[in-house]
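Engineer: kindly generate the corresponding structure for this input.
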Amino acid sequence: MLSCRPWVFALGFSMDIKAYINSGILKQYALDVLDSSARAEVENMCALHPEIKKELERIQDTLENFAIENPVAPPPELQNSIWATLQNLNKEKEMNPEDLPFINRFTDHNKWLRFVQSRIPAEITEDRIVDVLQHNSLVTQALVISKTDFENEEHEHEMESFVILEGRCECTVGDNVFELGPGGFAEMPLHTPHSVRMLTPYVVAILQRVAI
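Structural biologist: Numbers count the residues shown, from 1 in each chain. This next block holds a predicted model:
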């Protein structure tokens with residue numbers, strides 16, 4: 001953060017308000033680039049000198065009007081991402097088997113758990129169950145119930161992600177190691193080795209692979 005030379009009164013000297021205003025410190029304050037001590041100094045000077053306070057308010061109004069008159073449109077990819085997220089939230093309300101939402105970090109795992117509950121056996125006897133829920137040229141989604149770890153792998157043409165519905169696991173993605181429990185979401189970067197270790201007797205998850 002930027003700072004500036006403190007402006008203080010000393011015995012026998014008077015304050016040059018014009019010089020203080022012209023120093024640029026008020027603009028720095030309005031742009032929020034001062035450290036805490038410098039900000040406190042400006043606020044103190046505004047309390048002592050109405051001329052300084054008035055000038056700061058003028059600068060703030062100018063910046064605000066400039067922002068209003070010169071809005072910056074978000075990039076198309078951000079708009080598309082927001083729209084896709086809203087569509088997913090609407091799809092999660094219905095959970096139509098013919099048009100399932102994509103999973104992402106906003107996914108409500110409880111809605112997915114209710115949707116697949118009838119597909120989860122009362123007793124898990126197999127080491128791993130993979131029940132495909134959706135498969136087309138763009139995306140594959142599957143209910144995965146696993147007692148066994150997922151060994152190291154990496155993907156070149158598919159973006160893999162999953163959300164945990166039941167149980168806990170430890171994920172290793174490149175050099176990063178983290179744990180996930182119910183509601184936990186992870187997305188695996190392309191060309192990055194990753195593996196999953198079970199921390200509970202079994203884990204129930206929704207696995208998604210999107211073609212790139």
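Engineer: got any ranges where this protein has weak pLDDT?
Structural biologist: 1-15, 73-83 (pLDDT under 70).
Engineer: so which residues of this protein form helices?
Structural biologist: Assigned by DSSP state H, the helices in the chain fall at 17-22, 25-30, 36-48, 50-69, 76-94, 109-116.
Engineer: just the CA coordinates for the second one, please, in PDB.
Structural biologist: Same thing as helix 25-30. Only the C-alpha atoms of helix 25-30 are listed here, as PDB (Å, rounded to 0.1, in the frame of the first residue of the first chain):
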ATOM      1  CA  ILE A  25      -3.000  12.400  -1.000                       C
ATOM      2  CA  LEU A  26      -6.800  13.000  -1.300                       C
ATOM      3  CA  LYS A  27      -6.900  11.200  -4.700                       C
ATOM      4  CA  GLN A  28      -4.900   8.300  -3.200                       C
ATOM      5  CA  TYR A  29      -7.400   8.100  -0.400                       C
ATOM      6  CA  ALA A  30     -10.400   8.100  -2.800                       C
END
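Engineer: buried residues in that helix?
Structural biologist: The neighbour-count check on helix 25-30 (16 or more other CB atoms under 10 Å) flags Ile25, Leu26, Lys27, Gln28, Tyr29, Ala30 as buried. For glycine as for every other residue, the C-beta is placed from the backbone atoms N, C-alpha and C.
Engineer: now do the domain split for this protein, please.
Structural biologist: 17-69, 105-211 (automatic domain parsing).
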